[in-house]
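Participant: sharing a model prediction with you, sequence too.
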Amino acid sequence: MTAGCPVICSNAGSLKEVCGDAAILIDPKNTEELKNAIEKLWNDENLQNSLREKGFIQAKKFSWQETAKKTLEAFKKIETSTKTAD
């Protein structure tokens, strides 16, 4: 997404939440669905452009710095709750 590439993504697992509406979601076990998504994306320039724009917006929601900050906050909460439990 950050490279401006339209995305086709599995609808299984957590990636569908990461992609939001910025990707075509498919059943990873359904090859026909994958084929159809590739063909649709290949032939629809408006869809390509829409997914590119949505992808840039979606990708801005995530950063390593924000991930590190939230991870540290979680560790601090765990530490605090552990200390109060003792």
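Facilitator: Great, that's in hand. Residues are numbered from 1 along each chain as shown.
Participant: now Leu34, nearest residue through space, not along the chain?
Facilitator: Ile26 (5.4 Å; CB to CB, 6 or more residues apart in numbering). (Each C-beta comes from the backbone N, C-alpha and C, glycine too.)
Participant: for the one you found, give the beta-bridge partners.
Facilitator: Ile26 has these beta-bridge partners by DSSP bridges: Ser10.
Participant: quick check, it in contact with Ile38.
Facilitator: No. Under the criterion of CB atoms under 8 Å, Ile26 makes no contact with Ile38, lying 9.4 Å away.
Participant: shared neighbours, these two?
Facilitator: Here Ile26 and Ile38 have Ile8 as joint contacts, going by CB atoms under 8 Å, 6 or more residues apart in numbering.
Participant: the more surrounded of those two?
Facilitator: Between Ile26 and Ile38, Ile26 has the larger neighbour count (other CB atoms under 10 Å), namely 20 against 13.
Participant: now tell me what touches the lengthiest helix in the chain from outside.
Facilitator: When the chain is parsed with DSSP state H, its longest helix is helix 64-85. Taking contacts as CB under 8 Å, 6+ apart, no residue outside helix 64-85 touches it.
Participant: tell me the mean pLDDT over it?
Facilitator: In this model, helix 64-85 has a mean pLDDT of 87.
Participant: okay, it in PDB with CA atoms only?
Facilitator: Extracted in PDB, the C-alpha atoms of helix 64-85 (Å, rounded to 0.1, in the frame of the first residue of the first chain):
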ATOM      1  CA  TRP A  64       6.700   1.400  13.700                       C
ATOM      2  CA  GLN A  65       6.900   4.400  16.100                       C
ATOM      3  CA  GLU A  66       3.200   4.100  17.000                       C
ATOM      4  CA  THR A  67       3.500   0.400  17.400                       C
ATOM      5  CA  ALA A  68       6.500   0.800  19.800                       C
ATOM      6  CA  LYS A  69       4.600   3.400  21.800                       C
ATOM      7  CA  LYS A  70       1.500   1.200  22.200                       C
ATOM      8  CA  THR A  71       3.700  -1.800  23.100                       C
ATOM      9  CA  LEU A  72       5.500   0.200  25.800                       C
ATOM     10  CA  GLU A  73       2.100   1.400  27.100                       C
ATOM     11  CA  ALA A  74       0.900  -2.200  27.300                       C
ATOM     12  CA  PHE A  75       4.000  -3.300  29.100                       C
ATOM     13  CA  LYS A  76       3.600  -0.400  31.600                       C
ATOM     14  CA  LYS A  77       0.000  -1.400  32.300                       C
ATOM     15  CA  ILE A  78       1.000  -5.000  32.900                       C
ATOM     16  CA  GLU A  79       3.800  -3.900  35.200                       C
ATOM     17  CA  THR A  80       1.400  -1.600  37.100                       C
ATOM     18  CA  SER A  81      -1.300  -4.300  37.500                       C
ATOM     19  CA  THR A  82       1.300  -6.900  38.600                       C
ATOM     20  CA  LYS A  83       2.600  -4.500  41.300                       C
ATOM     21  CA  THR A  84      -0.900  -3.800  42.600                       C
ATOM     22  CA  ALA A  85      -1.700  -7.500  42.700                       C
END
